Every structure is written in structure tokens, then in C-alpha cells.
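Colleague: need coordinates for the following:
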Amino acid sequence: MSTVDSTRQMHRLYEGHHAWLASWLRKRLSCREQAADLAQDTFVKVLLNNKAAELREPRAYLTSVARSLMIDMFRRRSIEQAYQEVLAAQPERVVDSPETREIIIEALMEVDRLLDSLGERGRSIFIMAQIEGLSLAEIARQLNLSVNTVRKHFIRAMAQCLMLLD
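Modeller: Numbering: from 1, shown residues only. Take a look at the predicted model:
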């Protein structure tokens, strides 16, 4: 398909579904501005994925993309709030520049995605080892698992972390 045809398809998709998607988002977010932003982000993602021409059920696809973006938005808010709470609890008030704050939030988002990908057991083992400072034997005892099982989960989690660093 030519670039002109692709542009026309995207234009038709936007014209035919933007108002509907913005309304759908407004009902879920109760905020016109956030709904408008997420609707735009949804169409940008569709445009970047070059999917407009392939869509048989455009509204289903758009809601799926929008829902994913909404989940990311809520996750980010939750991480930002937790970060602000940690800063507020510090004895000496730390003031980050907006750039530093954005870098930290992005890093925390990556760690959150990594932890989410580990599954419940892997996430628990990783947190117990890295945050709580427990040994693999202590973790195995607490979770009623073999040390070998805990070691495998921990190695898998650390490998994920190393891939994240790349």
C-alpha cells in the first residue's frame, strides 16, 4: 500500500472514530482533558504501528489500545505518588529537577514492568532478596520452597534486570 493510501486510511479511521473514542474515554476517566490526550495517544500509536489499513473491527482495536494506555497512565500515577511519598518521608527535603524526576519515574516504570513480567513467585523472591535483604535460604524457608527453586527464580529475575540495563 502506498503512503498516500495509508494516510487516507488513517484519516478515515480518525474522522470516523475519534469523537466516539474520546467519548468512551471520558466516561471512564471523568476528565475531558485526559480523555482527549489518551484519544490522541491512541491514534498516534495506531499510526506508528501502521495498522489503520488492516483493521476489520476498528472500535475493538482502538478500545484495546486506549485501555492499555489508560492502564499505563494509572500505573505511572501510582508510581509517581509512591515516589512523592518516599520523598516526603525523607528527613531532609530533596528537590529534584523536572528532568531528574522524569528519569527516575521512567526507571521506576521499567522496574515495575520487569517485576510484573516475573510472575507472583519470581516477584516475591526478587523483592525479598533485593529490598528486604534476605538470603536465598531464608526466602526458601519463608516460602516453603527449595533453595534451588528460589535460586532459579532469582537468577531469572536478575537476568531480566541485566537485559533491562542493555
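Colleague: nearest the geometric middle of the protein, what residue?
Modeller: D72 (4.2 Å; Cα atoms, centre = their mean).
Colleague: find the helix or strand that it is a member of.
Modeller: Per DSSP states H and E, D72 falls inside helix 58-89.
Colleague: mind listing what's buried along that helix?
Modeller: P58, Y61, L62, T63, V65, A66, L69, M70, I79 (16 or more other Cβ atoms under 10 Å). For every residue, glycine as well, the C-beta is placed using N, CA and C.
Colleague: just checking, the fourth one touches L25?
Modeller: What it means is T63. No - at 9.2 Å, T63 does not count as touching L25 under the criterion of Cβ atoms under 8 Å.
Colleague: name the residues contacting each of these two.
Modeller: Counting by Cβ atoms under 8 Å, 6 or more residues apart in numbering, T63 and L25 have no shared contacts at all.
Colleague: the strand or helix carrying R156 - contacts with which helices or strands?
Modeller: Per DSSP H and E: R156 is located in helix 147-165. Judged by 3 or more Cβ pairs under 8 Å, 6 or more residues apart in numbering; DSSP states H and E, the packing partners of helix 147-165 are helix 98-117, helix 119-130, helix 136-143.
Colleague: buried residues of that helix, list them for me.
Modeller: V150, R151, H153, F154, A157, Q160, C161.
Colleague: got the domain boundaries for this structure?
Modeller: According to automatic domain parsing, the chain is divided into the following domains: 3-83, 118-165.
Colleague: among the ones you listed, which is nearest L108?
Modeller: domain 3-83 (4.9 Å; Cβ to Cβ).
Colleague: hang on, the earlier thing: and the angle for the helix holding R156 with helix 136-143?
Modeller: 110 degrees (axes from the mean of the first three to the mean of the last three Cα atoms, to 10 degrees).
Colleague: let the chain start at 517 from now.
Modeller: All set: I'll call the first residue 517, so the last point we hit is now helix 663-681.
Colleague: and the contacts of helix 663-681?
Modeller: With contact meaning Cβ under 8 Å, 6+ apart, helix 663-681 is reached by 626-627, 630, 633-634, 637-639, 641-642, 645, 652-653, 655-656, 659.
Colleague: run the last query once more with 7 Å
Modeller: With contact meaning Cβ atoms under 7 Å, 6 or more residues apart in numbering, helix 663-681 is reached by 626, 630, 633-634, 637-638, 641-642, 645, 652-653, 655-656.
Colleague: can you check stretch 543-551 too?
Modeller: A538, L541, R542, M586.
Colleague: could you tell me the end-to-end distance of that stretch?
Modeller: 9 Å (Cα to Cα, to the nearest Å).
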